[in-house]
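Peer 1: return a 3D structure for these sequence lines:
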Amino acid sequence: MKLGAFSISLAVKDIQKSKAFYENLGFAILGGNINQKWLILKNENAIIGLFEGMFDKNIITFNPGWDENAQNVESFDDVRVIQEHLKNSGIPLTSEADPNSNGPAHITLTDPDGNSILIDQHR
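Peer 2: This is a model prediction of the structure:
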């Protein structure tokens, strides 16, 4: 299964302080909008998202169809194909994509330790 680019989405209390902290660790802004209180930062192949006030806890994120620079990749597994595979494997989903749709969609699930996982396809 090709899950796409991997990142951690961090629920932060103060996006300005978090931005400064991660920039001191060598991360640079890849995308986002600090005025909307969200940023995507990158250091080599490591990607983190900073999100102030958008969710309660950190989320493991995968983006099918994108590489680590948010650029389209030719070959990827559509989120609906991933959804079908997970359901056939007996893995419960907390939200599902419409199996009859195409294009952007997302699914969510929780790992055995309570960590939230977002599989978010943007194309």
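
Peer 1: in the sheet, who's paired with the residue nearest the centre of the chain?
Peer 2: Nearest to the mean C-alpha position of the chain, counting by CA atoms, centre = their mean, stands T61 at 2.8 Å. Counting by DSSP bridges, T61 is bridged to S7, L118.

Peer 1: my read: it touches G4, true?
Peer 2: No. Assessed by CB atoms under 8 Å, T61 is found out of contact with G4, at 9.4 Å. C-beta coordinates here come from the backbone N, C-alpha and C atoms, glycine included.

Peer 1: relative to K13, how far out is the residue nearest to the centre of the chain?
Peer 2: 19 Å (CB to CB, to the nearest Å).

Peer 1: nearest residue to K2 in space, please, no chain neighbours.
Peer 2: D77 (4.4 Å; CB to CB, 6 or more residues apart in numbering).

Peer 1: would you map the helices across this protein?
Peer 2: Under the criterion DSSP state H, helices of the chain are mapped to 15-24, 79-88.

Peer 1: got TSV for those helices, with mean pLDDT too?
Peer 2: Shown next, in TSV, are these (pLDDT from 0 to 100):
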stretch	mean pLDDT
helix 15-24	98
helix 79-88	98
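
Peer 1: tell me which of those helices is the most buried.
Peer 2: helix 79-88 (a mean of 17; mean count of other CB atoms under 10 Å).

Peer 1: tell me which other helices or strands that one touches.
Peer 2: strand 93-95, strand 105-110, strand 116-121 (3 or more CB pairs under 8 Å, 6 or more residues apart in numbering; DSSP states H and E).

Peer 1: can you list these in a markdown table and add distance to E84?
Peer 2: Output for those, formatted as a markdown table (distance: least, CB to CB, whole Å):
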| stretch | distance to E84 |
| --- | --- |
| strand 93-95 | 11 |
| strand 105-110 | 10 |
| strand 116-121 | 12 |
